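Visitor: take this sequence and fold it.
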Amino acid sequence: MSVIEVILVDDFDRPTGKTEKLEAHKKGLLHRAVTVYVFNSRYELLLQRRAIKKYHCGGLWSNTCCSHPYPQEPTQDAAERRLREEMGLDMTLTPVFELKYHLPLSNGLIEHEYGHVFFAISDEKPELNPEEADAWCYRSIQQIERDMKDNPSLYTPWFLHTFPRIPQQFNDFRMDI
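Guide: Take a look at the predicted model:
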């Protein structure tokens with residue numbers, strides 16, 4: 001497997017360097033990330049269950065996809081690339097908001113990311129890359145909220161952290177399209 005580098009950033013998302021992806025997660029270095037939320041025409045969110053063999057959070061449910069831009073890769077290009085690579089969906093995404101978080105993972109790694117969040121609406125069916133995800137489903141915002149409350153251990157830490165902002169952001173997004 002080739003080395004994948006991520007973009008290190010400061011608190012304002014200004015690049016400060018680059019490092020290997022796993023190293024960034026081991027040391028908890030702040031780096032740029034992309035997070036994608038695809039909704040269908042019934043406004044249900046497309047969730048993925050991360051492949052069990054992923055180096056962290058395998059077998060947990062999460063947003064449609066997420067990843068990191070390569071050095072010199074525009075952020076939106078990275079989000080659209082990973083949506084194709086993970087879920088087999090080829091579409092234009094809309095940047096919606098940005099956030100920063102520092103979350104410990106169960107295996108000692110740390111998600112310290114400056115995340116760029118993108119939305120889309122599509123009724124396309126995903127074609128999963130089995131190295132990335134092993135299941136998918138559509139769920140309403142209300143179903144996700146209830147299940148997160150009842151079963152938080154089934155979800156990735158970043159999805160638990162980010163999801164409370166999604167209902168309002170999605171309402172605003174829908175009004176703009």
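Visitor: contacts and neighbour counts: CA atoms only from here.
Guide: Fine.
Visitor: report the beta-bridge partners for residue 7.
Guide: Residue 7 forms beta bridges with residue 18, as assigned by DSSP bridges.
Visitor: compute the first-to-last residue distance for stretch 112-129.
Guide: The stretch stretch 112-129 measures 25 Å between its terminal residues, going by C-alpha to C-alpha, to the nearest Å.
Visitor: could you give the mean pLDDT of it?
Guide: Mean pLDDT, stretch 112-129: 97.
Visitor: in terms of helices and strands, where is residue 119?
Guide: Assigned by DSSP states H and E, residue 119 belongs to strand 110-121.
Visitor: adjacent strands (with direction) for the helix or strand that that strand is followed by?
Guide: Counting by DSSP H and E, the next helix or strand C-terminal to strand 110-121 is strand 133-139. Partner strands for strand 133-139, per DSSP bridges, with pairing direction: strand 45-50 (antiparallel).
Visitor: what residues does the partner strand touch?
Guide: Applying C-alpha atoms under 8 Å, 6 or more residues apart in numbering, the contact partners of strand 45-50 are 37-40, 57-65, 132-141.
Visitor: quick one: it to chain centroid distance?
Guide: Distance of strand 45-50 from its chain centroid, counting by C-alpha atoms, centre = their mean, to the nearest Å, is 10 Å.
Visitor: with stretch 101-112 instead?
Guide: 14 Å.
Visitor: can you list the buried residues in it?
Guide: Judged by neighbour count (16 or more other C-alpha atoms under 10 Å), stretch 101-112 contains these buried residues: 102, 109-112.
Visitor: nice, that's everything, thank you.
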